[in-house]
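>>> Here's my sequence, what's the structure:
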Amino acid sequence: MSKGTKARTVLCAAALVGGWVSGHLVLAAAPATAPVTQPDTQPAGPEVVKLTLHPSATTQPALQYKLLPDLFDQMPGNAAPLYAVAGDLLPTAPPSGPQGDFERIDDPGALPLDQLAHDKETASILKKCAQGLQYVDLAARREDVDWGPGFQQFGFDQDHSSLRRMWVYGVILSLRGRYQLARGDLPAALHTMQTSFSMARQINQGRPLYDAMAGKGIAAGALYYLVQEWVGLDHSPNLYWALSDLPHPFLDYKNVPRVQQGMLYSQFPALREAAEGKELPAEQWRQVIRELIRIDEVDMQFKPPPNDLDKRLNDIVTRAVPKAREYLLATKMLEARVQAMPPEQAVGIYFFHEYQVASDEVWKAWELPYLQSIELLHQADDRARQGEKDNPFLAVVAYTWTAKREAGWTDRYIALLRTVEALRNHLARHGQLPERLDQISDVPLPLDPFTDKPFSYRTDGHLGTLEALAPPGRWPGSGWRIEMTVAE
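Residues are numbered from 1 along each chain as shown. From the prediction side, this is the model:
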């Protein structure tokens, strides 16, 4: 992966629920240009989560607790300006990330709850962020969100500073919620969960892929740091129906293909004409290819000199000319015309055709059910990544399969936590864990979205183990094993 690709995808990669480094979920405000790397020693198996399981029957009324703001808690208006005000009030300065006494938000789960309740550093952070958090709470309860000018106006060069600020607030919300849980203030913690989940969905609306993935990261933090901590508390109300009440899929990625494809044409309006069959001149193709190379190479700290861009452009064009002319001849274009065509023009037409094919291959299976779509998306994405070093157009569609996978992982973790709550309900009603999940009859048993089957489960009476393993061929550490010890 080139430096530019890393820079463009860091927000996605660091916000993934499977994005674990040294055993911690990475949700902190990493620099926008930070390299994305796997840990030196990758775990051989799934990440292990340990929970103490306290009996807790489902609530009456069933939806006494909700993880999204209720309709009567919402106010008319646009959430985006409120988020903008909150961003201006953020004491730290993204994209540099937490500094000084803000190091605590590097890992909201660093302290056990019994220590967090009296941690002065956490109290100081939350006090400094209190005014901004008030605006975030208000924004999350607005009926609408209109992000205003974005990719349509600015293409790949749009400003992501506001997104990074919201991402930091997502981490701070996880810290605030854990602090509230540590102090036994469950109503306040529930309010924080609602803010987090609502903000995640608002970010996701009508945004490019990397914005949508940041929303996914905020949802992951709420699930891992807040809902999961709640579930492990003694005397905590059962959230089975609250989790069941969340939208499914939780994050709506339906607009992602349209937005992603639209970004290229917003950046290069002439490509709309090329897509309709108009023949662009060689210089125009040269400008488009050069700009795509710049986008792929440039991050926020490094700008290659123009002569470096021109050298790479010339090298790419020189390598691609034979294939480009072979493609044009295959389209029944006269050989004399092909040979007379300037290299940049021939290569531009060929590269754009490759992009159109690759883009359709990546997105054609998007709306299929997860199990049907993910492998097709992964295969198409592999082909795009293999070709992106030779065709800069393909960098636009490379790595997009992660959105479908990560959307599935969000729903998967919700289903896992629903299953844990089903087990707590069974424990409360029957006095012991079931030997098998199919013995749970008081509530519908969630299925694993990756398999359409119940999760793997086993028990010895006092220890229950729930597993959601990584799909075949994927990094083992991207799966989960929840080890549940029944409280004495």
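>>> CA only for contacts and neighbour counts going forward, please
Fine.
>>> what helix or strand does the residue sitting nearest the centre point of the chain sit in?
With distances taken as Cα atoms, centre = their mean, Met213 lies nearest the centre of the chain, 2.6 Å away. Under the criterion of DSSP states H and E, Met213 resides in helix 209-221.
>>> So the nearest residue to Val48 once chain neighbours are set aside versus Pro322, what's the distance?
Nearest residue to Val48, sequence neighbours excluded (Cα to Cα, 6 or more residues apart in numbering): Arg481, at 4.8 Å. Distance, Arg481 to Pro322, by Cα to Cα, to the nearest Å: 52 Å.
>>> repeat for Pro449
Taking Cα to Cα, one finds Pro449 at 45 Å from Pro322.
>>> Which one's more surrounded, the two?
Under the criterion of other Cα atoms under 10 Å, the comparison of Pro449 against Pro322 puts Pro449 first, with 22 against 13.
>>> Could you pull up phi and psi at that one?
When read as degrees, to the nearest 10, the backbone of Pro449 gives phi -60, psi -20.
>>> Name all residues that make contact with the residue nearest to it when sequence neighbours are not counted.
Closest residue in space to Pro449, ignoring its immediate chain neighbours: Arg412 at 5.8 Å, by Cα to Cα, 6+ apart. Taking Cα atoms under 8 Å, 6 or more residues apart in numbering, we find Arg412 in contact with 448-450.
>>> go with 10 Å
Counting by Cα atoms under 10 Å, 6 or more residues apart in numbering, Arg412 touches 249, 406, 418, 446-450, 455, 468.
>>> hmm, who's touching the helix or strand hosting Gln131?
Secondary-structure element containing Gln131, defined by DSSP H and E: helix 130-139. Helix 130-139 has contacts (Cα under 10 Å, 6+ apart) with 73-75, 77-91, 124, 126-127, 141, 145, 166, 169-170, 172-173, 176, 191-192, 194-196, 198-199, 202.
>>> got it, and stretch 274-291?
By Cα under 10 Å, 6+ apart, the surrounding residues in contact with stretch 274-291 are 265, 267-268, 270-273, 292-297, 306, 309-314, 316-317, 341-349, 351-353, 356, 391-393.
>>> Of those residues, select the buried ones using a PyMOL command.
Buried residues among those (16 or more other Cα atoms under 10 Å), as a PyMOL selection:
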select buried, resi 265+267+268+270+271+292+293+294+295+296+297+309+313+314+316+317+343+344+345+346+347+348+349+351+352+353+356+391+392+393
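>>> okay, which residue of the protein is out on the far edge from center?
Max distance from the centre of the chain (Cα atoms, centre = their mean): Ala336, 49.6 Å.
>>> Pull up the per-residue confidence for that one.
What the model reports for Ala336 is a pLDDT of 92.
>>> Likewise for Thr37?
Reported pLDDT for Thr37: 35.
>>> Make 15 the first number, not 1, from now on.
Got it, the first residue is 15 from now on, which makes the last one we talked about Thr51.
>>> Only C-alpha atoms, please: export whichever strand or helix holds Glu135 in CSV.
Assigned by DSSP H and E, Glu135 belongs to helix 134-142. C-alpha atoms of helix 134-142 as CSV (Å, rounded to 0.1, in the frame of the first residue of the first chain):
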residue,chain,number,x,y,z
LYS,A,134,-8.6,12.7,38.9
GLU,A,135,-7.1,12.7,35.4
THR,A,136,-10.4,11.4,33.9
ALA,A,137,-12.4,13.9,35.9
SER,A,138,-10.1,16.7,34.6
ILE,A,139,-10.5,15.6,31.0
LEU,A,140,-14.3,15.4,31.2
LYS,A,141,-14.5,18.8,32.9
LYS,A,142,-12.4,20.4,30.1
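>>> Output the contacting helices and strands for it.
helix 144-153, helix 175-196 (3 or more Cα pairs under 10 Å, 6 or more residues apart in numbering; DSSP states H and E).
>>> Quick one, grab the pLDDT at Tyr254.
98.
>>> Next up, the contacts around it.
By Cα under 10 Å, 6+ apart, the contact set of Tyr254 is 71-73, 76-77, 79, 245, 428-429, 431-439, 457-458.
>>> Show me just the buried residues among the residues you listed.
Buried members of the contacts of Tyr254, scored by 16+ other Cα under 10 Å, are 71-73, 77, 79, 245, 428-429, 431-439.
>>> wait, doesn't Ser455 sit right on Ala436?
Yes - assessed by Cα atoms under 10 Å, Ser455 is found in contact with Ala436 at 9.3 Å.
>>> Just the ones in helices from the contacts of helix 144-153, please.
94-102, 138, 140-141, 180, 183-184, 186-187, 190, 205-206, 208-210, 212-213, 216 (DSSP state H).
>>> If any of the residues you listed are buried, put those into a PyMOL selection.
This is the PyMOL syntax for the buried subset of these, where burial follows 16+ other Cα under 10 Å:
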select buried, resi 94+95+96+97+98+99+100+101+140+180+183+184+186+187+190+205+206+208+209+210+212+213+216
